[in-house]
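1. Could you work out the structure for the sequence below:
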Amino acid sequence: MSECHIAELNVARLKHDIKDPCIADFVKNHTRVNAAVDRSEGFVWRLRDEAGSSVSMTAETEPMVIQNLSVWRGVSSLENFVFKTVHKRFHDRLAEWFEIMDRMHFVMWPVAVGHEPTLEGSPADAGPVQH
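-> Prediction:
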């Protein structure tokens, strides 16, 4: 049986433009939260641009939609980060910055160790996983 990691993708639609003062706290603290991700036990990889963020990686057709894609050693590592680190303070405020999505916006799936998924292929891009 080969070891697997867990990939997660979550998608959110901003209530306001990324430069709007209404979401300034989200924007101002995004780097801080990303730094916490990078230090978290069980964190493996996250999608990021040259500036270290995935917020600017929006689809041209939906500029208000932001995506987060990461890989973790296991579900408990991801859960610990989301609910037991500085991230929780901002997670509790999601309704201030993001609309309620009318369709599924979060998915997790197993990926082979070392695999870095892409936005284009997400779960289908998981690569070969042997159990």
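2. Just checking: what are the partner strands of the longest strand along the chain?
-> Ranked by number of residues, the top strand in the chain under DSSP state E is strand 4-13. Strand pairing for strand 4-13, determined by DSSP bridges: strand 65-72 (antiparallel), strand 106-112 (antiparallel).
3. show me where pLDDT drops low in the chain?
-> 1-2, 49-61, 121-131 (pLDDT under 70).
4. And the helices in it?
-> Taking DSSP state H as the test, the helices found in the chain are 24-39, 75-84, 87-91, 94-97.
5. So which residue is dead centre in the chain?
-> A centroid search over the chain (Cα atoms, centre = their mean) returns Asn68, at 2.6 Å, as the residue closest to the centre.
6. Kindly provide the distance from that residue to Arg46.
-> According to Cβ to Cβ, to the nearest Å, Asn68 stands 7 Å off from Arg46. Heads up, the C-betas are built off the backbone N, CA and C, glycines and all.
7. what's the burial count for the nearest residue to the residue nearest to the centre of the chain once chain neighbours are set aside?
-> Leaving aside its sequence neighbours, Asn68 sits nearest to Asn10 (Cβ to Cβ, 6 or more residues apart in numbering; 5.1 Å). Using other Cβ atoms under 10 Å, Asn10 has 15 neighbouring residues.
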